[in-house]
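Enquirer: Structure for this input, please:
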Amino acid sequence: QVQLVESGGGLVQAGGSLRLSCAVSGRTFSSYAMGWFRRAPGKERQFVSVISRSGGLTSYTDSVKGRFTISRDNAKNTVYLQMNSLKPEDTATYYCAAANGYSGRSSSYDYWGQGTQVTVSS
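Expert: Residues are numbered from 1 along each chain as shown. Predicted coordinates:
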């Protein structure tokens, strides 16, 4: 069984930064593509970013391009999401997830964390 635990969320003012971490245990971390998703109150879960197994390929949803950076450390079994220039509309619960293939679709992901709350005040 794969377990994912997110951390790093919190309350930040608009324009600020946060770095989310997701620690993975239970299986070979490097065998999974890793994604970040978010769900704002009253909205559907949204794809944020994905990184390939080796870290050589990344993708982002348009609204975070140039502000967010996904990375991974396969030696530490951890994936990160560096979030800069945060906006109130980034407020959401952020989830990391693991998939066998590189995908932006939530249905492709087999394992999910419990989420970490990010709140951006204006």
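
Enquirer: From now on I want contacts and neighbour counts done on CA atoms only, so please keep to that.
Expert: Noted.

Enquirer: can you pull the contacts of the residue most central in space within the chain?
Expert: Relative to the mean C-alpha position of the chain, the nearest C-alpha, by CA atoms, centre = their mean, is the one of residue 36, at 2.5 Å. Listed by CA atoms under 8 Å, 6 or more residues apart in numbering, the contact set of residue 36 reads 47, 48, 49, 50, 81, 94, 95, 96, 97.

Enquirer: Skip the chain neighbours and tell me the closest residue to it.
Expert: Distances taken as CA to CA, 6 or more residues apart in numbering put residue 96 closest to residue 36, at 4.5 Å, once the chain neighbours are dropped.

Enquirer: Hmm, residue 113 and that neighbour touching each other?
Expert: Yes - with contact taken as CA atoms under 8 Å, residue 96 and residue 113 are classed as touching, separated by 5.6 Å.

Enquirer: shared neighbours of the two, which are they?
Expert: Residues touching both residue 96 and residue 113 (CA under 8 Å, 6+ apart): 4, 6, 22.

Enquirer: out of these, which is most surrounded?
Expert: Neighbour counts for the shared contacts of residue 96 and residue 113 (other CA atoms under 10 Å) peak at residue 22, which has 25 neighbours.

Enquirer: wait, it sits on residue 29?
Expert: No - Residue 22 is beyond contact range of residue 29, at 11.2 Å (criterion: CA under 8 Å).

Enquirer: Nearest to residue 121 among the contacts of residue 36?
Expert: Minimum distance to residue 121 across the contacts of residue 36 is 16.3 Å, recorded for residue 94 (CA to CA).

Enquirer: Quick one: residues contacting the closest one.
Expert: Counted by CA under 8 Å, 6+ apart, residue 94 has contacts 36, 37, 38, 39, 115, 116, 117, 118.

Enquirer: do you know how far it is from residue 75?
Expert: Distance from residue 94 to residue 75, counting by CA to CA, to the nearest Å: 23 Å.

Enquirer: Equivalent analysis for residue 103, please.
Expert: 23 Å.

Enquirer: Pick out whichever of the two has more residues nearby.
Expert: Taking other CA under 10 Å, residue 103 and residue 75 do not tie; residue 103 has more neighbours (19 against 8).
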